[in-house]
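[1] kindly generate the corresponding structure for this input.
(one chain, ligands or ions: 1)
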Amino acid sequence: MIDLAVESERLERASPEERLAFAVERFGRDLLFTSSFGAQSAVLLHLWSVVARALPVTFIDTGFLFPETIAYRDALVGRLGLTLAIVRPDVARADFVARYGDDIQQRDPDLCCGLNKVAPIAPLKASARAWVSGLRRDQSRTRSGVAILEADGALVRVHPIATLTRDDVARYLAAHDLPEHPLVARRYLSIGCAPCTRAVAEGEDERAGRWAWSGKTECGLHAPKAS
Ligand code: SF4
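    Numbers count the residues shown, from 1 in each chain. Below is the predicted model of the structure:
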């Protein structure tokens, strides 16, 4: 049994690689790692390739992603020697749009995320003991209180790069010669599905371009406590 508060506090002083190694050692194949292959994903993907290359990286293909994200995913998987596990919603994009309308993201993004992001991962989440993701505290106000380890029911959430800043990420990418997502050059600093992502202006939070027309800030996969 892990005392999450104690371990999380201890891991505050560890490096991202040490935090990830702790999770891999502790949970092994019961560790779920999801990546959006978004703007800053290459850091955690690189760490994964060092610490846990034998374990899969799970990618949720909602059907609404940018083609640049798919190309970036394939390039990184090849470069880092990762094993990719792709999950998809039960209803493909064309049928989904025919059923709910092509403005469904504007009218009800929670429904769309629920069916296309949260539901596909639910079986994997149910069978996992821990879930690694790349949340960082400086991404947005709602993520500023993310701990290294957090309880989510019976699941342990693991955030190895929670303490990295955007500048730290840039330095890590440069130090390891990792490519940026091609849309970052156009100031897409947090990249989700195409209908729900815009570029951000100077001074805005990284995630300000996500569901920018609404008050929605998270897709429902990760629900950090506001601080
Ligand atoms: S991010 Fe937008 S398109 Fe993607 S699943 Fe959520 S609402 Fe749907």
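[2] helices of this protein, start to end?
    Along the chain, the segments classed as helices by DSSP state H run 4-12, 16-27, 41-51, 67-80, 93-100, 104-107, 109-113, 119-127, 166-175.
[3] this protein against the ligand: which residues are in contact?
    By C-beta under 6 Å from any ligand atom, the residues of the chain that approach the ligand are 62, 64, 105, 109, 112-113, 116-117, 192-193, 195-196, 219. In this view, the C-beta of every residue, glycine as well, is placed from N, C-alpha and C.
[4] of these, select the buried ones using a PyMOL command.
    Burial among those is assessed by 16 or more other C-beta atoms under 10 Å; the matching PyMOL selection reads:
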select buried, resi 62+64+105+109+112+113+116+117+192+193+196+219
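[5] and the residues of the chain next to the ligand as CSV, adding distance to residue 186 and pLDDT?
    Listed next are the residues of the chain next to the ligand as CSV, based on distance: C-beta to C-beta, whole Å; pLDDT from 0 to 100:
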residue, distance to residue 186, pLDDT
62, 21, 97
64, 18, 98
105, 20, 95
109, 22, 95
112, 24, 96
113, 23, 96
116, 24, 97
117, 23, 95
192, 15, 93
193, 16, 96
195, 16, 95
196, 16, 95
219, 21, 80
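[6] do you know the pLDDT at the nearest residue to residue 124 once chain neighbours are set aside?
    Distances taken as C-beta to C-beta, 6 or more residues apart in numbering put residue 32 closest to residue 124, at 5.5 Å, once the chain neighbours are dropped. For residue 32, the pLDDT comes out at 97.
[7] measure residue 32 to residue 63 for me?
    Look at residue 32 and residue 63: by C-beta to C-beta, to the nearest Å, they are 21 Å apart.
[8] quick one, which of those two is more surrounded?
    Using other C-beta atoms under 10 Å, the more surrounded residue of residue 32 and residue 63 is residue 32, with 23 against 16.
[9] got a list of what that one touches?
    Contact partners of residue 32, counting by C-beta atoms under 8 Å, 6 or more residues apart in numbering, are 58, 124-125, 128, 130-132.
[10] could you measure from it over to residue 143?
    19 Å.
[11] try residue 188
    Taken as C-beta to C-beta, the span from residue 188 to residue 143 is 18 Å.
[12] mind listing residues that contact stretch 103-114?
    64, 96-97, 100-101, 193, 195-196, 211, 213-214, 216, 219-220.
[13] alpha carbons only: can I get it in CSV?
    Output of stretch 103-114 as CSV, limited to C-alpha atoms (Å, rounded to 0.1, in the frame of the first residue of the first chain):
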residue,chain,number,x,y,z
ASP,A,103,-21.6,21.5,-34.9
ILE,A,104,-21.8,19.1,-32.0
GLN,A,105,-18.5,20.4,-30.6
GLN,A,106,-19.9,23.9,-30.4
ARG,A,107,-23.2,22.8,-28.8
ASP,A,108,-22.1,20.0,-26.5
PRO,A,109,-18.3,19.4,-26.3
ASP,A,110,-18.7,17.3,-23.1
LEU,A,111,-20.9,14.8,-25.0
CYS,A,112,-18.3,14.7,-27.8
CYS,A,113,-15.4,14.2,-25.5
GLY,A,114,-17.3,11.7,-23.5
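[14] how about residues contacting stretch 85-102?
    By C-beta under 8 Å, 6+ apart, the list of residues contacting stretch 85-102 reads 56-64, 104, 107-108, 111-112, 115-116, 119-121, 124.
[15] rerun that using 10 Å as the cut-off
    32-34, 55-65, 73, 103-105, 107-108, 111-112, 114-124, 195 (C-beta atoms under 10 Å, 6 or more residues apart in numbering).
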